[in-house]
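1. Take this sequence and fold it.
(one chain, ligands or ions: 1)
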Amino acid sequence: MSKSFQDPEIIKKIKTKIHNLADKFVDRKIRICHVCGTHEYTISHWGIRSLLPSNIEVIAGPGCPVCICPNEDIEQGIWLAKNGYTLATYGDMARVPSNQGSILTARAEGADIRVVYSFLDVIKLAKSNPQKNIVFFAIGFETTAPTVAIELINHQIPSNLYILSAHRLVPPAMSVLVDQPDIPLDGFIAPGHVSAITGSGIYESISDQHNVPIVVAGFEPADVMLSILAILQQLIHSRSKTENLYSRVVTREGNKTALTAMDTAYEVVDARWRGIGVIPSSGFEIAKDFSKFNIRVKEEIPITGGRDIPKGCRCADIMLGKIYPEDCSLFNSRCTPENPIGPCMVGNEGTCAIHAKYGGHLDLDSD
Ligand code: SF4
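-> Numbers count the residues shown, from 1 in each chain. Just a heads-up that it's a prediction; the model follows:
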């Protein structure tokens, strides 16, 4: 990665341009939303917010796959682990609290839980343990969903391995966010890695139908600053287009191999997002052609449902871009990365965890 994307002088030049444009929005607050934990990391770690004029705000939406995974999916995983299956999932996911405790709590109670780093680890685990029935609790956005899809269509899944799919799709959530009447949004920074799979073209109908500028951005500080500048420029000229500022990685068409694999291996379904509710056409379920690997087809898994967000936790408001973590009374007091109360404090991509670790408002411009 070129150092120029981290060069303070370049960032300050972009900052000046942002301030000049912001002056044109007299008495108007501009709210720009991103939907990506990695963007929140960049913004917090590099102190991007401290570089912006007071009338330009960048808020975090539901960009953390662990945080948005609903209670009912976690409970299904725990039920399976307590009923004879070995449950494999990522470390962050295992720590998220549900009404039945976390997946790690289930392990402490004797359930067979394996923390993995990739789906390939799970395939190896299943192949080396043919006597066990393994379930992969598959979470994540369009970035991780292709891995499972490609193995399914290439018939690389052993017969003792099943999928509990909790994959979610980012663009439908953006459509919901922009429609919130109480939280007006003026633009989106679209996630570079998701867009590398989907292509930037996927956002065009959103920017057209909702009259909102969408700019695909990478993860260096200059990438984010340039995306803010591009959104302001669109607003000044009353435009609402999808722009791709991450062309070194993202094309308009996306990754055709991954898209074809997902089209074949999954069905798009309505899906619940923690703290937000059901979003139409926002989830992947295993397609009928591969239903022998779908654990929800093999087992009737009871769902108790119940409260998605712990009492006092304000993750729902954070994921909807209504507040910052610092606005939660439990932030960094009763709720910390070591002892998370809500899902946003659990994983590396959780907004509360990022703010707890990096402060959220560091000052790059303190010279
Ligand atoms: S600080 Fe903790 S309790 Fe508060 S919103 Fe974040 S995760 Fe929830």
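2. Show me which residues of the stretch 201-350 of the chain are close to the ligand?
-> Contact residues, the stretch 201-350 of the chain versus the ligand (C-beta under 6 Å from any ligand atom): 313-315, 318, 325, 328, 330-331, 335, 341-342, 344-345. In this view, the C-beta of every residue, glycine as well, is placed from N, C-alpha and C.
3. Tabulate the residues you listed (JSON lines), appending distance to Arg107 and neighbour count.
-> What follows is those, written out as JSON lines (distance: C-beta to C-beta, whole Å; neighbours: other C-beta atoms under 10 Å):
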{"residue": "Cys313", "distance to Arg107": "23", "neighbour count": "25"}
{"residue": "Arg314", "distance to Arg107": "28", "neighbour count": "22"}
{"residue": "Cys315", "distance to Arg107": "24", "neighbour count": "28"}
{"residue": "Ile318", "distance to Arg107": "28", "neighbour count": "30"}
{"residue": "Pro325", "distance to Arg107": "28", "neighbour count": "27"}
{"residue": "Cys328", "distance to Arg107": "28", "neighbour count": "24"}
{"residue": "Leu330", "distance to Arg107": "26", "neighbour count": "19"}
{"residue": "Phe331", "distance to Arg107": "28", "neighbour count": "22"}
{"residue": "Cys335", "distance to Arg107": "22", "neighbour count": "25"}
{"residue": "Ile341", "distance to Arg107": "20", "neighbour count": "22"}
{"residue": "Gly342", "distance to Arg107": "21", "neighbour count": "28"}
{"residue": "Cys344", "distance to Arg107": "23", "neighbour count": "36"}
{"residue": "Met345", "distance to Arg107": "20", "neighbour count": "31"}
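4. Out of those residues, which sit inside helices?
-> Using DSSP state H, 315, 318 are the members of those that sit in helices.
5. Looking at the residues of the stretch 201-350 of the chain next to the ligand, which is nearest Gln156?
-> Cys344 (34.5 Å; C-beta to C-beta).
6. Please enumerate the helices of the stretch 101-250 of the chain.
-> For the stretch 101-250 of the chain, helices defined by DSSP state H, counting those that start in this stretch occupy the ranges 103-108, 119-128, 145-153, 170-178, 192-198, 204-210, 221-236.
7. so can I have TSV of those showing distance to Trp273?
-> Converted to TSV, these look like this (distance: least, C-beta to C-beta, whole Å):
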stretch	distance to Trp273
helix 103-108	19
helix 119-128	22
helix 145-153	15
helix 170-178	7
helix 192-198	15
helix 204-210	17
helix 221-236	24
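8. Secondary structure element holding the residue of the stretch 51-200 of the chain found nearest the ligand?
-> In the stretch 51-200 of the chain, the residue that lies nearest the ligand is Cys67 (8.3 Å; C-beta to the nearest ligand atom). Element membership for Cys67, per DSSP states H and E: helix 65-68.
9. May I ask you to confirm that the residue of the stretch 51-200 of the chain closest to the ligand is in contact with Pro340?
-> No - in this structure, Cys67 is not within contact of Pro340 by C-beta atoms under 8 Å, at 10.3 Å.
10. joint contacts of the two?
-> Common neighbours of Cys67 and Pro340, counting by C-beta atoms under 8 Å, 6 or more residues apart in numbering, are 346, 350.
11. returning to what we had before: which non-adjacent residue is nearest the residue of the stretch 51-200 of the chain closest to the ligand?
-> Pro343 (4.3 Å; C-beta to C-beta, 6 or more residues apart in numbering).
12. Quickly note the distance from the one you found to Arg239.
-> Distance from Pro343 to Arg239, counting by C-beta to C-beta, to the nearest Å: 36 Å.
13. Just want to know which of the two has more residues nearby.
-> Per other C-beta atoms under 10 Å, whichever of Pro343 and Arg239 has more neighbours is Pro343, with 33 against 13.
14. Tell me how far stretch 312-323 lies from the chain's centre.
-> 15 Å (C-alpha atoms, centre = their mean, to the nearest Å).
15. Show me the contact partners of it.
-> 31, 33, 59-62, 64, 67-68, 177, 180, 182-183, 185, 273-276, 308-309, 324-325, 327-330, 334-335, 341-344, 351-352.
16. Would you mind telling me which of Cys67 and Pro340 has the busier surroundings?
-> Neighbour totals were compared for Cys67 and Pro340, and Cys67 leads with 27 against 23 (other C-beta under 10 Å).
17. Give me the average confidence score over the strand of greatest length in the chain.
-> In the chain, with assignment by DSSP state E, the single longest strand is strand 277-286. Across strand 277-286, the average pLDDT comes to 97.
18. Adjacent strands (with direction) for that strand?
-> When pairs are called by DSSP bridges, strand 277-286 turns out to pair with strand 161-168 (antiparallel), strand 266-273 (antiparallel).
19. still on that earlier bit, in this structure the residue nearest to Cys67 contacts Arg95, no?
-> No - in this structure Pro343 lies outside contact range of Arg95 using C-beta under 8 Å: 9.1 Å.
20. Any idea which residue of this structure lies closest to the ligand?
-> Gly342 (2.6 Å).
21. Look up how far Gly101 lies from the closest residue to that residue other than its chain neighbours.
-> Excluding the flanking residues, the one nearest Gly342 by C-beta to C-beta, 6+ apart is Cys313, at 3.4 Å. To Gly101, Cys313 is 16 Å away according to C-beta to C-beta.
22. Next, give phi and psi for Tyr90.
-> Note on Tyr90: its backbone torsions stand at phi -80, psi 160 [degrees, to the nearest 10].
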